[in-house]
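Q: Here is a sequence with its predicted model. Questions after.
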Amino acid sequence: MRNKNGGIRTRFEDAWLLDGVRTPFVDYRGDLSPVSPIDLGIKVAREVISRTGVDAADVDTTIAGCMAPGSFDFFVTPRHIGLYAGVPIERPAHLVQRICGTGIEVLSQAADLVSSGRAELVLSVGTESMSRNPVAAFEHRNGFSLGQVKFYDFLLEALLDPAGPCTMGDTAENLAKKYGITREVTDAYASRSFERAIKARDEGFLAGEIVEITNEEFALDGYVSRGIKLGRKVDAVSNDSHIRPSPIDILSKIRPSFGGVQTGGNSSAIVDGAAGALVGSRAYADSNKIEPLARLHVGASVGVPPEIMGFGPAPAIRAVLEESGMSLDQIDLIEINEAFGAQVLACARDLGLDENKLNVNGGSIAIGHPLAATGIRITTTLARELKRSGKRFGIASACIGGGQGIAMLIENPEAAS
């Protein structure tokens with residue numbers, strides 16, 4: 001739905017998150033670095049199909065998100081994820097790119113297809129290998145002058161928005177100044193994110209959404225096999241690697257990364273990983289005896305000034321609330337992707353958000369942020385926590401480089417009855 005104040009809002013009349021799963025999120029250049037993001041995506045796709053017990057032949061389309069090429073065959077990312085997960089060859093697939101909002105955008109597009117009746121079951125995947133982000137040469141196809149060789153590091157230089165010009169970290173610093181957010185407050189928030197993630201891990205909550213990664217072949221009848229091959233002496237990867245005790249006194253000793261409050265300790269962790277989900281109609285869920293994880297109600301995307309891109313979740317959340325006719329105090333839990341500590345705090349302050357409702361199992365500062373996978377991860381985690389706690393409504397949201405925000409309202413069907 002078009003809104004006169006800007007942005008796009010979509011109300012989903014019949015869209016359900018049947019289940020979701022993810023790989024462990026593993027630190028940059030760690031145990032998942034040898035693996036193509038396509039194969040990580042295939043793994044979670046196969047796993048979510050297996051967990052729900054659906055027939056892959058029922059999938060009408062595959063929607064996959066991936067930001068940076070992690071292998072030479074990047075162009076076939078969504079197609080290979082679908083095919084090697086068992087989706088019939090005549091079913092289409094397409095790629096989504098909305099930077100840090102990609103995962104939520106994947107779910108939004110899936111929900112729209114299902115709600116409109118154009119699909120009954122959609123395979124939804126976000127995958128990213130930050131370790132395999134390329135070093136690229138864009139100007140060299142036509143030759144170059146002596147001494148004018150220029151290579152670009154995707155992982156570093158993609159953080160620059162030349163419109164500003166400013167880096168993504170600079171946008172967090174701009175919000176810190178605007179909202180009076182200090183280094184001490186930012187470190188305290190980050191320490192709490194780690195504490196909550198440690199608790200969620202130790203209680204076994206996070207394990208419920210993680211599939212172990214091992215060396216594995218993905219066969220496809222009549223075609224060349226794909227697969228996962230881990231590094232030497234690595235037989236399996238089972239756990240998130242970045243979650244660790246991070247008290248404030250340790251975080252306070254880390255040098256600023258952008259000349260202000262943000263550091264490597266209170267910003268999102270650079271990790272590799274993938275997340276997958278199935279979105280279907282209620283009729284499909286009932287006919288296959290699946291109790292959905294969540295109902296997907298409303299999605300919204302908005303634009304904000306590029307120099308404060310991290311502020312995007314605040315107006316996106318407001319748009320979702322307005323479209324649904326709800327108020328913030330009716331929302332039990334909220335996920336705001338932790339791109340940067342100051343950015344999340346700025347959104348929370350602007351919304352007047354009760355931080356006891358915010359990222360209750362930790363966020364990307366502790367768990368990590370594989371760009372395209374994060375939105376599916378936080379939506380799945382949110383849905384699982386609503387079920388665990390018996391709460392009803394939640395909103396998942398993320399800021400987006402270039403100046404955007406995205407959010408989705410979900411409901412625990414068990415609490416609605």
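A: Yes, it's here.
Q: How many neighbouring residues does the nearest residue to S129 once chain neighbours are set aside have?
A: In space, and not counting its chain neighbours, S129 is closest to G70: 3.8 Å by C-beta to C-beta, 6 or more residues apart in numbering. The way it works is simple: take the backbone N, C-alpha and C, and place the C-beta from them, glycine included. Residues contacting G70 under the criterion other C-beta atoms under 10 Å number 27.
Q: Surely G70 touches R132?
A: Yes: the pair G70 and R132 passes the contact test of C-beta atoms under 8 Å, sitting 3.8 Å apart.
Q: Next, show the common contact partners of those two.
A: The contact sets of G70 and R132 overlap at S36, P37 (C-beta atoms under 8 Å, 6 or more residues apart in numbering).
Q: for the residue nearest to S129, what are its contacts?
A: So G70 contacts S36, P37, I38, E128, S129, R132, N133 (C-beta under 8 Å, 6+ apart).
Q: what residues are up against I317?
A: Per C-beta under 8 Å, 6+ apart, neighbours of I317: L328, I334, C347, L351, I395, S397, G405, A407.
Q: switch to 6 Å and redo it
A: Listed by C-beta atoms under 6 Å, 6 or more residues apart in numbering, the contact set of I317 reads I395, S397, A407.
Q: a helix runs through the first one, doesn't it?
A: Think I395. No: per DSSP: H, G, I helix; E, B strand; the rest coil, I395 lies outside any helix segment and is strand.
Q: partners of it in the sheet?
A: I334, L409 (DSSP bridges).
Q: Quick one: neighbours of it, just the number.
A: 28.
Q: The last one now?
A: Around A407 sit 30 other residues, with neighbours defined as other C-beta under 10 Å.
Q: Looks to me like it is in a helix.
A: No: counting by three-state DSSP, A407 is not part of a helix but strand.
Q: mind checking how far it is from P315?
A: 9 Å (C-beta to C-beta, to the nearest Å).
Q: which is the next helix or strand following the lowest-mean-pLDDT helix or strand in the chain?
A: Every helix and strand of the chain was ranked by mean pLDDT, DSSP states H and E. The lowest is helix 154-157, at a mean of 88. Going down the chain from helix 154-157, the next helix or strand is strand 160-161, by DSSP states H and E.
Q: Sketch out the low-pLDDT regions of the stretch 151-300 of the chain for me.
A: The stretch 151-300 of the chain contains no residues with pLDDT under 70.
Q: What segments of it are helices?
A: Assigned by DSSP state H, counting those that start in this stretch, the helices in the stretch 151-300 of the chain fall at 154-157, 168-179, 183-202, 248-251, 282-287.
Q: Could I get the ones you listed in a markdown table, plus columns for mean neighbour count and distance to L293?
A: Converted to a markdown table, the helices of the stretch 151-300 of the chain look like this (neighbours: other C-beta atoms under 10 Å; distance: least, C-beta to C-beta, whole Å):
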| stretch | mean neighbour count | distance to L293 |
| --- | --- | --- |
| helix 154-157 | 14 | 32 |
| helix 168-179 | 23 | 31 |
| helix 183-202 | 20 | 17 |
| helix 248-251 | 15 | 34 |
| helix 282-287 | 16 | 10 |
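Q: wait, which of these is closest to G53?
A: Taking C-beta to C-beta, helix 282-287 is the member of these nearest to G53, at 11.3 Å.
Q: tell me what the closest one is packed against?
A: The helices and strands touching helix 282-287, judged by 3 or more C-beta pairs under 6 Å, 6 or more residues apart in numbering; DSSP states H and E, number zero.
Q: Output it in CSV, but only the C-alpha positions, please.
A: This file holds the C-alpha atoms of helix 282-287, laid out as CSV (Å, rounded to 0.1, in the frame of the first residue of the first chain):
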residue,chain,number,x,y,z
ARG,A,282,-3.0,-21.4,6.7
ALA,A,283,-4.7,-23.9,4.5
TYR,A,284,-1.4,-25.4,3.5
ALA,A,285,-0.3,-25.6,7.1
ASP,A,286,-3.5,-27.2,8.2
SER,A,287,-3.5,-29.7,5.4
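Q: contacting residues around that helix?
A: D14, W16, E120, L121, P292.
Q: Appreciated, that's everything.
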